[in-house]
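Trainee: mind looking at a prediction? Sequence and model below.
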Amino acid sequence: MSEYTSWSSSYFDRIVQQALKEHGHDPNLVATVTGFGEAGAALVSEPLVDKIIFTGSPAIGKKVMEGASKHLKPVILELGGKDPMIFQETADVATVVPFVLRGCFQNCGQNCVGVERVFVYEGIYDDFLKAIEPRVAALRQGVPLETCGNDANVDCGAMVMDEQMDLIQALVDDAVAKGAKLHCGGKRNTSDKCKGGQFYEPTLLSGVTPDMKIFQEELFGPVMTVIKVAGNSDEECAKMVNGSCFGLGSSVYGGDQERALKLGRQLKTGMLTVNDFASNYLVQSLPFGGCKDSGFGRFAGIEGLQALCLERSIATDRIPGVKTSIPPVLDYPIDKEKGLPFSDALIQLFYNESIVSKVKAIIALIKYG
């Protein structure tokens, strides 16, 4: 786990250990190790570690893959994301607002499948901004663990990594400089409730275009970036979505579910929800993972369980009294006058799709066998 999340990792470690106990297993089957880069490097390079499942940035994912390659150790990489949430012109604005707020600001935007690009079709673009701006501006920020009456009710907490706020600020400033409109937020929160902490204000940007860094680079923070889809074009939307190097999750909303699904199938992402957000993460029977710079491999679901197993092909005799044997004509030393025609007939019997050819192959097998 990340060196920035030691407290929460110990909490989840206790849950896992208790689950193991309840099912009669040794709780020490699972161990939690925290540390900095050298601790992770030691685990990756350890020959006794059979497989690595890594969640983090593409840059560190490449280092993990490089370290594992020394022992040809398999890896599953769940890396960054730039997940799109798409609202076709047939989507109901009032219905989708709660989804986009949750997608962009849950955990203060620090969520692997958090929404980082909001594509709104031209037909509802103005109505969407009119509805969403006051909701973002009204989000409350502070320290949720403080007990001071109603003032303790907050919607967005702090950032885990202080340096992330510098990255977010640079991306927001670049977008504004290139023509994006800043509706609210856009800076560190230095209010009395947040003073001295790692807080970045819930932010709303519209008019974001593909030439802006914020369109391409991962934010991992409380910023909603809204992109207009001109002409209500599904083709144009798919082109812009796929113009990112990331491909983790995606979601499409529209009044016509078949049309929304058709658009979703064109998106180069590992996961898709239609008229919903991140429900495939809640359904643990489904595989989780992405493509492109978002990584490869899957965890959760049957595919995830199989990824943690050593898969082998095993063949045994199943019918009593029937055993595999080598035809004498193919036994060494092979008689090329009979062996080669016999081998050719076998291939024709197994792989030729023509019934006539199969019959001829059977006759040849009888002749040369």
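Mentor: Received the coordinates, thanks.

Trainee: and Ile366, what helix or strand is that in?
Mentor: Element membership of Ile366, judged by DSSP states H and E, is helix 355-368.

Trainee: residues making contact with that helix?
Mentor: Residues from elsewhere that reach helix 355-368 (CB atoms under 8 Å, 6 or more residues apart in numbering): Val329, Lys338, Gly339, Pro341, Phe342, Asp344, Ala345, Leu346, Gln348, Leu349, Asn352. All C-beta atoms are positioned from the backbone trio N, CA, C, and that covers glycine.

Trainee: which of these count as buried?
Mentor: The neighbour-count criterion (16 or more other CB atoms under 10 Å) marks Val329, Lys338, Gly339, Pro341, Phe342, Ala345, Leu346, Gln348, Leu349 among the contacts of helix 355-368 as buried.

Trainee: can you give me the helices in the stretch 51-200 of the chain?
Mentor: With DSSP state H, counting those that start in this stretch as the criterion, the stretch 51-200 of the chain has helices at 58-69, 93-105, 125-137, 162-177.

Trainee: most tightly packed of these?
Mentor: helix 93-105 (a mean of 19; mean count of other CB atoms under 10 Å).

Trainee: what is that one packed up against?
Mentor: strand 83-87, strand 115-121, helix 125-137, strand 223-229, strand 251-253 (3 or more CB pairs under 8 Å, 6 or more residues apart in numbering; DSSP states H and E).

Trainee: mind giving me the packing neighbours of the last one?
Mentor: Taking 3+ CB pairs under 8 Å, 6+ apart as the contact definition, the neighbouring helices and strands of strand 251-253 are strand 83-87, helix 93-105, helix 257-264, strand 273-274.

Trainee: partner strands of it and their direction?
Mentor: Strand pairing for strand 251-253, using DSSP bridges, gives strand 83-87 (parallel), strand 273-274 (parallel).

Trainee: let's have those in JSON lines, adding mean pLDDT and distance to Ala230.
Mentor: What follows is these, written out as JSON lines (pLDDT from 0 to 100; distance: least, CB to CB, whole Å):
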{"stretch": "strand 83-87", "mean pLDDT": "98", "distance to Ala230": "14"}
{"stretch": "strand 273-274", "mean pLDDT": "97", "distance to Ala230": "23"}
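
Trainee: so which of those is the most packed in?
Mentor: Compared across these, strand 83-87 shows the largest average neighbour count, a mean of 27 (mean count of other CB under 10 Å).

Trainee: pull the distance from that strand to the chain's centre.
Mentor: 14 Å (CA atoms, centre = their mean, to the nearest Å).

Trainee: ok, for Ala137, nearest residue in space, not its chain neighbours?
Mentor: Closest residue to Ala137 apart from its sequence neighbours, by CB to CB, 6 or more residues apart in numbering: Cys184 at 4.3 Å.

Trainee: who's that neighbour bridged to?
Mentor: What pairs with Cys184, by the bridge criterion (DSSP bridges), is Leu204.

Trainee: from Cys108, how far off is it?
Mentor: From Cys184 across to Cys108, the span is 15 Å (CB to CB, to the nearest Å).

Trainee: so which of those two has more stuff around it?
Mentor: Neighbours per residue (other CB atoms under 10 Å) separate Cys184 from Cys108, with Cys108 holding more: 24 against 16.

Trainee: show me the contacts for the more buried one.
Mentor: By CB under 8 Å, 6+ apart, the residues touching Cys108 are Cys156, Gly157, Ala158, Met159, Tyr200, Gly221, Pro222.

Trainee: so Gly247 bridges to which residues?
Mentor: Taking DSSP bridges as the rule, Gly247 bridges to Cys291.

Trainee: from Gly80, how far out is it?
Mentor: Going from Gly247 to Gly80 by CB to CB gives 10 Å.

Trainee: so what sits against both of the two?
Mentor: With CB under 8 Å, 6+ apart, Gly247 and Gly80 have common neighbours Asp293, Ser294.

Trainee: on that earlier part again, and the buried ones among the contacts of helix 355-368 as TSV, adding distance to Met85?
Mentor: Formatted as TSV, those follow (distance: CB to CB, whole Å):
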residue	distance to Met85
Val329	65
Lys338	68
Gly339	64
Pro341	64
Phe342	62
Ala345	59
Leu346	56
Gln348	55
Leu349	55
